[in-house]
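Enquirer: sequence first, predicted coordinates after that:
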Amino acid sequence: MTPLSVVVSGQQKPTTGYAPVNGLKIYYEIHGSGEPVVLLHGAFMTITNNWNGWIEELAKTRKVIAIEMQGHGRTADIARDMTSENLADDVAALLGYLKIPRADLIGYSMGGGVAMQCAVRHPDKVRKVVVISSPFRRDGVVKEGADALKNLSPELFIGSPLEVDYKKLSPTPNDFPKFVKHMVASMSQEHDLDADKLKAAPAPMFFIFGDADGIRLDHVAEMFRLKGGEVHGDMRPRSASRLAILPNTTHVTLMERMPVIVPMVNDFLDAKPQ
């Protein structure tokens, strides 16, 4: 399958298309040029409502590949659990389809979990990972957040921007209730990422959280330690992985902190090995 469109008029438009991988037709957009970076959105989200402003900024110096994962946005759902393992395998297959040997990954929320899984399951395809507000185990979420996820229902989304975007973009616009139930069922089947496997993954990782984003702070510290954090950087070599905790920032408002986060992400992705 070839890209659906390549349009150049004044400002360059993205290349868009659908990648036939693992029984899916994954919608993707490619913006800019340079080293490839794949953007992985959060649960129930789309390219448009997750990465508003981010793509334009990142694409100034990189080839940005934004995708919509199984059941999200323009990518139709299939009869398969939407686990982070399955979605990670889709990302790796997409890179193969696009003939990109290796890429950086930036994932938000659910997408961060997918990015970590991809680094573990497909280490040869992942150079660096940016994880934004994602735990690697389910117990990393504070209790009130975990309880809320268990009680998600289609009714809670009625009239929300997420439902509006689904109806506007999905090839099955009337199936939003079915999609929500599939997502909730899939989340109940989610497996925790093994700490030893996360530690062993060769890709350096940049963990970015808000100080009020619903992820336990001791879980954040555990993640960073697994990747070599908590050393005295003036006395011995620092980890290639990094940690940032933004003040006065929640899970949702993290994405609004793009002007602060993107320069840090660019510095991390551009950093040479010490």
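Expert: Sure thing, it's come through.
Enquirer: only C-alpha atoms from now on, for both contacts and neighbour counts.
Expert: Fine.
Enquirer: for residue 63, helix, strand, or coil?
Expert: Secondary structure state of residue 63, per DSSP: H, G, I helix; E, B strand; the rest coil, is strand.
Enquirer: beta partners for it?
Expert: Beta-bridge pairing for residue 63 (DSSP bridges): residue 36.
Enquirer: OK, contacts around it?
Expert: By CA atoms under 8 Å, 6 or more residues apart in numbering, the contact set of residue 63 is 30-37.
Enquirer: show the pLDDT at it.
Expert: At residue 63, the predicted lDDT confidence score is 98.
Enquirer: and it, how far from residue 43?
Expert: 24 Å (CA to CA, to the nearest Å).
Enquirer: pLDDT weak spots in the chain?
Expert: 1-11 (pLDDT under 70).
Enquirer: so which residues of the stretch 1-150 of the chain form strands?
Expert: Remark: strands assigned in the stretch 1-150 of the chain by DSSP state E, counting those that start in this stretch are 8-9, 11-12, 15-21, 24-31, 35-40, 62-68, 103-108, 126-132.
Enquirer: mind checking the ones you listed for the one nearest to residue 180?
Expert: strand 62-68 (15.6 Å; CA to CA).
Enquirer: the closest one vs strand 103-108, what angle?
Expert: Computed with axes from the mean of the first three to the mean of the last three CA atoms, to 10 degrees, the direction of strand 62-68 lies at 50 degrees from that of strand 103-108.
Enquirer: just the CA trace of strand 62-68, in CSV.
Expert: Coordinates of each C-alpha in strand 62-68 appear next as CSV, following Å, rounded to 0.1, in the frame of the first residue of the first chain:
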residue,chain,number,x,y,z
ARG,A,62,12.8,15.6,13.1
LYS,A,63,10.8,13.2,11.0
VAL,A,64,7.7,12.9,13.2
ILE,A,65,5.5,9.8,12.7
ALA,A,66,2.2,10.2,14.5
ILE,A,67,0.0,7.1,14.5
GLU,A,68,-3.5,6.2,15.7
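Enquirer: quick one: buried residues of it?
Expert: 62-68 (16 or more other CA atoms under 10 Å).
Enquirer: same check, this time on stretch 72-90
Expert: Those would be 72-77, 81-90, for stretch 72-90 by 16+ other CA under 10 Å.
Enquirer: need the max-distance pair from these.
Expert: Longest span within these, CA to CA: 74 and 85, 20.8 Å.
Enquirer: circling back to that earlier point, put together a markdown table for the buried residues of strand 62-68, with distance to residue 222 on each row.
Expert: Shown next, in a markdown table, are these (distance: CA to CA, whole Å):
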| residue | distance to residue 222 |
| --- | --- |
| 62 | 31 |
| 63 | 32 |
| 64 | 30 |
| 65 | 30 |
| 66 | 29 |
| 67 | 29 |
| 68 | 30 |
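Enquirer: residue 234: which of those residues is nearest?
Expert: Using CA to CA, those come closest to residue 234 at residue 62, 31.7 Å.
Enquirer: check contacts around the closest residue to that closest one other than its chain neighbours.
Expert: Leaving aside its chain neighbours, residue 62 sits nearest to residue 34 (4.2 Å; criterion: CA to CA, 6 or more residues apart in numbering). Contact analysis of residue 34 by CA under 8 Å, 6+ apart lists 61-63.
Enquirer: how about residue 171?
Expert: So residue 171 contacts 74-76 (CA under 8 Å, 6+ apart).
Enquirer: any idea how far residue 76 is from it?
Expert: Residue 171 is 6 Å from residue 76, by CA to CA.
Enquirer: before we move on, what about residue 97?
Expert: 18 Å.
Enquirer: and if you look at residue 191?
Expert: 23 Å.
Enquirer: what does residue 137 give?
Expert: Residue 137 is 27 Å from residue 76, by CA to CA.
Enquirer: surely residue 87 and residue 71 touch.
Expert: No. Residue 87 lies out of contact with residue 71 (CA atoms under 8 Å); the separation is 10.8 Å.
Enquirer: residue boundaries of the helices in the stretch 101-250 of the chain?
Expert: Under the criterion DSSP state H, counting those that start in this stretch, helices of the stretch 101-250 of the chain are mapped to 110-121, 143-150, 161-169, 176-188, 195-200, 217-226.
Enquirer: send the alpha carbons of the second one over as CSV?
Expert: Think helix 143-150. Taking C-alpha atoms only, helix 143-150 is exported to CSV below (Å, rounded to 0.1, in the frame of the first residue of the first chain):
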residue,chain,number,x,y,z
LYS,A,143,-5.8,4.4,44.3
GLU,A,144,-8.4,6.9,43.3
GLY,A,145,-7.1,6.9,39.7
ALA,A,146,-7.0,3.1,39.5
ASP,A,147,-10.6,3.0,40.9
ALA,A,148,-11.8,5.5,38.3
LEU,A,149,-10.3,3.4,35.4
LYS,A,150,-12.2,0.3,36.6
